[in-house]
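Visitor: What follows is a protein structure lacking sequence information:
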């Protein structure tokens with residue numbers, strides 16, 4: 001073809017701002033998959049929607065294209081889960097968390113906790129801790145790193161198997177929050193080991209053999225081999241975590257304060273903010289699922305009935321220990337912590353029209 005001769009070329013036509021090359025390019029706007037919202041999409045809408053390529057709701061509109069073993073795993077434990085929804089893309093995180101928003105929020109929290117840890121080292125704070133607390137901490141607080149890792153791994157699995165990118169995001173960031181909790185407890189232990197050599201070195205043995213930890217260990221290990229993504233979510237986020245988080249981040253925090261370890265109480269307060277968001281997004285997911293399909297309530301309630309007795313047994317073991325400690329120290333904390341936890345949990349589930357196991 002001679003220079004200047006345009007014969008044989010396809011000239012793009014412009015229609016409503018979209019280019020069409022001889023029918024080869026669809027006339028779609030940049031965020032075509034969000035047009036049904038009939039509003040300007042937010043940053044959260046753009047970066048969290050239709051992310052997964054294997055759920056049938058991603059950009060490809062397909063599931064796995066190749067017949068690989070992983071395909072059967074997702075079919076069994078994601079696609080064929082008893083918890084169903086017409087479109088999991090309808091879920092929205094109430095905090096609308098993106099990666100950039102998450103790092104901004106967590107940076108402020110970490111600056112706060114770093115300041116507390118620096119104060120502990122600069123003021124000789126640990127030298128003034130009560131002997132009774134130095135006995136309680138290694139038995140009740142330090143071994144929590146082990147179930148904490150179980151929480152983290154379960155949250156990661158939920159994120160891996162979730163049927164929506166938005167669920168994957170919140171579960172993955174929850175997993176990061178669990179690592180934050182583990183690391184802060186581990187750092188605090190190391191600070192105490194500088195002053196008290198050998199402090200809390202028996203944590204693993206306590207986790208594996210101490211009768212107080214065995215009920216919780218049983219629940220965590222069963223969760224780690226629960227493969228249906230939705231049952232795993234219910235067992236962790238609707239049953240075990242709300243109870244454990246309330247007990248450790250609230251009641252154990254108060255006990256630390258009354259034992260004059262008020263700075264640990266402040267660290268736990270910061271960690272408790274993470275746990276609050278975990279409950280909030282879980283509640284939003286449950287409400288969306290039950291509004292989409294009324295049968296989902298029965299499915300979720302059945303799983304709660306299965307997991308709650310195990311979790312309640314684990315929590316009440318710790319509650320009894322804390323109550324006995326309070327009786328010895330005559331600390332003005334609420335007695336019958338187990339009953340208080342039951343009331344709290346019933347109220348939490350009641351907000352979603354669910355209830356604890358009978």
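Guide: All right, it came through fine. Note that the coordinates shown come from a computational prediction; the quantities given were computed from them, not determined experimentally.
Visitor: residues touching residue 95, list them.
Guide: For residue 95, the residues meeting the contact criterion (CB atoms under 8 Å, 6 or more residues apart in numbering) are 101, 277, 280, 281. For every residue, glycine as well, the C-beta is placed using N, CA and C.
Visitor: Now the two most distant members of those.
Guide: 101 and 280 (14.5 Å; CB to CB).
Visitor: Would you mind pulling the contact partners of stretch 196-203?
Guide: By CB under 8 Å, 6+ apart, the list of residues contacting stretch 196-203 from outside reads 126, 134, 137, 138, 142, 143, 145, 146, 189, 192, 193.
Visitor: ok, now stretch 127-144?
Guide: With CB under 8 Å, 6+ apart as the criterion, stretch 127-144 contacts 185, 189, 192, 195-196, 199-200, 202-204, 206-207, 210, 212-213, 248, 252, 255-256, 259-261, 264, 318, 321-322, 325, 328-329.
Visitor: ChimeraX command for the buried members of those residues?
Guide: Listed next is the ChimeraX selection for buried residues among the contacts of stretch 127-144, using 16 or more other CB atoms under 10 Å:
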select :185,189,192,199,200,203,206,207,212,213,248,252,255,256,259,261,264,318,321,322,325,329
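Visitor: Next step: the contacts of stretch 127-144 restricted to helices.
Guide: Taking DSSP state H, the ones among the contacts of stretch 127-144 that sit in helices are 185, 189, 192, 195, 203-204, 206-207, 255-256, 264, 318, 321-322, 325, 328-329.
Visitor: circling back: pull the most distant pair out of the contacts of stretch 196-203.
Guide: 126 and 146 (23.2 Å).
Visitor: show me where pLDDT drops low in the stretch 1-150 of the chain?
Guide: Counting by pLDDT under 70, the ranges of the stretch 1-150 of the chain that qualify are 1-40, 56-66.
Visitor: ranges for the strands of it?
Guide: For the stretch 1-150 of the chain, strands defined by DSSP state E, counting those that start in this stretch occupy the ranges 13-15, 18-20.
Visitor: just the contacts of residue 95 now: which is nearest residue 80?
Guide: residue 281 (24.2 Å).
Visitor: mind checking which helix or strand the closest one is in?
Guide: Taking DSSP states H and E as the definition, residue 281 sits inside helix 262-292.
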